[in-house]
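**Student:** I'll drop the sequence and a predicted model, then ask my questions.
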Amino acid sequence: MSIASPCIDVCRMDAKSGLCEGCLRTVDEIFGWAAATDAQKTHILAAVAQRRARIDAGPESLRGDCDK
């Protein structure tokens, strides 16, 4: 099975977060994608989904558990 890259051709790295502004992957995740196994790609996509959910939830999602 071939898993498609989450790249959306908005390739800019955010210096603060260390994530691509388009696909929300790290540099290591981006450069390792082609050689990654399907299991590794699935893991990366899950991490991207969690990052996107935190961003979509807004600043409140960045609070630690002790602050809730």
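**Tutor:** Structure's in. What do you need?

**Student:** which residues of this structure score low on pLDDT?
**Tutor:** Applying pLDDT under 70 to the chain flags residues 1, 60-68.

**Student:** cutoff 50 now
**Tutor:** Along the chain, the parts satisfying pLDDT under 50 run over 68.

**Student:** which helix is the longest one in it?
**Tutor:** helix 38-57 (DSSP state H).

**Student:** Point out the other elements, helices or strands, that that helix touches.
**Tutor:** helix 27-32 (3 or more Cβ pairs under 8 Å, 6 or more residues apart in numbering; DSSP states H and E). In short, each C-beta sits where N, CA and C put it, glycine included.

**Student:** Any buried residues in the helix it packs on, and which?
**Tutor:** 29-30 (16 or more other Cβ atoms under 10 Å).

**Student:** ok, and what's touching it?
**Tutor:** Applying Cβ atoms under 8 Å, 6 or more residues apart in numbering, the contact partners of helix 27-32 are 7, 13, 18, 20, 23, 40, 44, 47.

**Student:** Check those residues for burial and list the buried ones.
**Tutor:** By 16+ other Cβ under 10 Å, these give 20, 23, 44 as buried.

**Student:** Export these as CSV, with columns for distance to Ile3.
**Tutor:** Output for the buried ones among the contacts of helix 27-32, formatted as CSV (distance: Cβ to Cβ, whole Å):
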residue, distance to Ile3
Cys20, 17
Cys23, 13
Ile44, 9
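
**Student:** quick revisit: using PDB, write down the CA coordinates of the longest helix of the chain.
**Tutor:** Taking Å, rounded to 0.1, in the frame of the first residue of the first chain, the C-alpha atoms of helix 38-57 are listed here in PDB:
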ATOM      1  CA  ASP A  38       3.800   2.400   5.800                       C
ATOM      2  CA  ALA A  39       3.700   2.000   9.600                       C
ATOM      3  CA  GLN A  40       6.100   5.000  10.100                       C
ATOM      4  CA  LYS A  41       4.000   7.100   7.600                       C
ATOM      5  CA  THR A  42       0.800   6.200   9.500                       C
ATOM      6  CA  HIS A  43       2.500   7.300  12.800                       C
ATOM      7  CA  ILE A  44       3.600  10.600  11.200                       C
ATOM      8  CA  LEU A  45       0.100  11.200   9.900                       C
ATOM      9  CA  ALA A  46      -1.300  10.500  13.400                       C
ATOM     10  CA  ALA A  47       1.100  13.100  14.800                       C
ATOM     11  CA  VAL A  48       0.100  15.600  12.200                       C
ATOM     12  CA  ALA A  49      -3.600  15.000  13.000                       C
ATOM     13  CA  GLN A  50      -2.900  15.700  16.700                       C
ATOM     14  CA  ARG A  51      -0.900  18.900  15.800                       C
ATOM     15  CA  ARG A  52      -3.700  20.100  13.600                       C
ATOM     16  CA  ALA A  53      -6.300  19.400  16.300                       C
ATOM     17  CA  ARG A  54      -4.400  21.400  18.800                       C
ATOM     18  CA  ILE A  55      -4.000  24.300  16.400                       C
ATOM     19  CA  ASP A  56      -7.700  24.200  15.500                       C
ATOM     20  CA  ALA A  57      -8.700  24.100  19.200                       C
END
